[in-house]
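predicted model follows, preceded by the sequence.
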Amino acid sequence: MTQKTRFSSLLVALLSTSLTVASGSSSAMEPEDASLRLSGFGTLGMAHTQGDGAAFIRDITQPKGATNRGISFDLDTRLGIQLNYQINDSFEAVAQVVTRYRNENNYWPELTWGFLKYTYDDVLEVRAGRIGYDGYIGADTRDVGYSYLWARPPVEYFGTLLFPYHDGVDIVLRAPVMRGVGRIKLYSGLTRQRVNNMMEQREWATALGPITLPPMGATQDLNKSRETGGYVEYQDTHWTGRLGISSLRLAKGMPNPLDTALSAIPLPLAESLRHDIQLIGRRATYKTAELAYEDGPLKLQGAYARITSSSLLIPRGHSAFVSAGYRFGRFTPYVTVSALRTKSSDYPQRLAASGPPLEGLAELAQFTLSSPLSNQNTYTLGLRYDFADNFALKLQADMIRNKNCSPVALPGMGLTPCAPPLLWPTVPPNWNGRANVYSAVLDFIF
C-alpha cells in the first residue's frame, strides 16, 4: 500500500471534520441525550527530512519514516473520536478510537481508550478497561496535537515508549497539599502493542544483494506483556511536578539468529550472552522526574527518564528534554533541546578475543546488539499560531545530531557491522548522523 493510498481516506476524514468545526456546525454532532458527549481531535501533518535519505519516525511504532524523497503525511497525521457517557454521579464510560500511521503500514482505526470510571467525592478515581499510558506527563494524550506546544512530542523522550495503552486498571488518590493538589496513582495491565518492524531496513538489506534481514528486523510483539507502575504528583496554580516508575515484563520473544547460533556452542561465554539477549520474562523499567511551569504567556517544561532493562535487546540509558515557549497574542514561539543516550555492550569484543568457535559470531553480535542503540541530540525551533478557536497551525524545524556507529553495514560485508540507530528505520550507509526535519501541522479539536 503506497503512502498516497494509505493517506487519501484519512485526508478526506480530516478535511471534512475540519470544515465541520470551522463552519460552527459542530453542535449538530452533539447527542440529544445530555449524558452523552461526543468530542474529537485531529492533525494534518507534513514533514520533510533533509538527511541524505535518512528516514525519521515519530516513535518506534512506525515502520517507515519521512525522508528527502518528498513530503511525508504519515508521520504526524491522525484523527480521533471520543465518546463519554455519564451513567450517574459516580460512574462514567469512555471510548476513544484513533486512526494514525501504525506498525502494520496502514491507518486502520484502533481502540485506544475503552474504560469504565468510578469517582468518589473527587478524592478517589478508579478506571478499568483499556487505559492510555500516562507514566510520562502528557503521554496519554500524545495523539492530541492541539494539547501540547510542539508539532510532536520530543522523540528522544517519548519516541522510545513501548506502549500507548494497556488493558487493566488504575487508581488515583487526591488530597489538598499546601496551595495545590497532590496525587498518587497506581496502575497495572496487559499491553497490546507492536513496535517498529524495521520494514524499510529489511528492504534496504535485501537490495544490497544476497544478504537478507527478516529475522533481525522482525516485529517485537508486546501483546500480553504486563505493565505496572505509578507516580506521585503535585500541582498548583503554576507548577506541576511528578516522580514516576513504570515496568514492563515481556511475554513474548522474537526471532533471533544470534540466539540460534549461540545455542549450538556449549561454552560459558556463549551461554552468558544467550542469557542476556533473551526477551521472554525480561523487564524494561522507566524511572522519571518531570517538572512543568506555566504563568501567563510563559510555559516551561523539563523531564528526565532513566531506562533500564534485563535484556540487551531493549534500550538502556537516559533521555531528557527541556522546552520553553512564550505567547505573544495568538503566536507562541518555542525552543526545545532533547537527548537520548543508550549503553552499548562489550560482548562483541569479548567474542572476537575468545578465538574459535565464538570469534566467528562477533560480527553478528555487533550488529544485533547495536540495533537498540541511539545516541542523539535534537535542537528544535518552532512557532504555534492559534488562528481560530480550537485550531492551531505549527511550524517546526528540528536539527538532529546522531552519534551512532557509521557506516551502516551488515555482517559479512567486510566492514564493522553497524545497525541503523533506534528511531531511524533506515539510514544511508555512510550517513554522517546529521539531519534536519521540517514540519507543518494543523491541529484541531471539536
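Yep, that arrived.

show me the contacts for residue 325.
Applying CB atoms under 8 Å, 6 or more residues apart in numbering to residue 325 gives the contacts 149, 298-299, 332-335, 384. Bear in mind the C-beta positions are built from the backbone N, C-alpha and C, glycine included.

who's it bridged to?
Per DSSP bridges, residues listed as beta-bridge partners of residue 325: residue 299, residue 334.

relative to residue 140, how far out is it?
21 Å (CB to CB, to the nearest Å).

again, but for residue 349
41 Å.

residue 251 looks like it's in a strand, true?
No. If the criterion is DSSP: H, G, I helix; E, B strand; the rest coil, then residue 251 is coil and not within a strand.

pLDDT below threshold where in the protein?
For the chain, the stretches flagged by pLDDT under 70 are 1-33, 195-220.

so what's residue 344 closest to, chain neighbours aside?
residue 373 (6.0 Å; CB to CB, 6 or more residues apart in numbering).

from what I can see the one you found touches residue 316, true?
No. Using CB atoms under 8 Å as the test, residue 373 is too far from residue 316 to be in contact (9.2 Å).

which one of the two is surrounded by more residues?
Taking neighbours as other CB atoms under 10 Å, residue 373 and residue 316 compare with residue 373 leading, 23 against 20.

biggest strand in this structure, by residue count?
The single longest strand within the chain, with elements called by DSSP state E, is strand 36-50.

next SSE after that one?
For strand 36-50, the following helix or strand on the C-terminal side (DSSP states H and E) is strand 78-86.

what residues are up against the spatially most central residue of the chain?
With distances taken as CA atoms, centre = their mean, the residue of the chain nearest its centroid is residue 159 (3.3 Å). Neighbour list for residue 159: 57-60, 153, 423 [criterion: CB under 8 Å, 6+ apart].

distance of it from residue 179?
For residue 159, the distance to residue 179 (CB to CB) stands at 35 Å.

hang on, the earlier thing: for the residue nearest to the centre of the chain, give its distance to residue 151.
Counting by CB to CB, the gap from residue 159 to residue 151 is 13 Å.

what do you get for residue 166?
According to CB to CB, residue 166 stands 27 Å off from residue 151.

who's more crowded, those two?
With neighbours defined as other CB under 10 Å, residue 166 and residue 151 compare such that residue 151 has more, 29 against 26.

and stretch 132-140, how far out from the chain middle?
The chain centroid and the centroid of stretch 132-140 are separated by 11 Å, computed with CA atoms, centre = their mean, to the nearest Å.

thought residue 322 was touching residue 304?
No. In this structure, residue 322 is not within contact of residue 304 by CB under 8 Å, at 9.5 Å.

skipping adjacent residues, who's closest to residue 244 in space?
Residue 244 sits nearest to residue 231 (CB to CB, 6+ apart), 3.3 Å away.

what helix or strand does residue 234 sit in?
When secondary structure is defined by DSSP H and E, residue 234 falls within strand 226-235.

show residues contacting that strand.
133, 135, 163, 166, 168, 177, 180-191, 240-249, 251, 286, 288.

next one: it to chain centre, how far?
For strand 226-235 - counting by CA atoms, centre = their mean - the centre lies 18 Å from the chain centre.

now do stretch 398-412
20 Å.

quick one: buried residues of it?
398, 400, 402, 404-406, 408-411 (16 or more other CB atoms under 10 Å).

next secondary structure element downstream of the helix or strand containing residue 174?
Taking DSSP H and E as the criterion, the element that holds residue 174 is strand 165-177. Counting by DSSP H and E, the element after strand 165-177 in chain order, helix or strand, is strand 180-191.

what's the span of stretch 129-136 from first residue to last?
20 Å (CA to CA, to the nearest Å).

buried sites along it?
Buried residues in stretch 129-136 (16+ other CB under 10 Å): 129-136.

contacts for it?
96, 111-116, 139-141, 157-158, 161, 163-170, 187, 189, 227, 229, 231, 244-246, 286, 288, 290, 303, 305.

same check on stretch 377-393?
Under CB under 8 Å, 6+ apart, the answer for stretch 377-393 is 18, 21-22, 145-146, 149-151, 154-156, 323, 325, 330-339, 394-401, 440-446.
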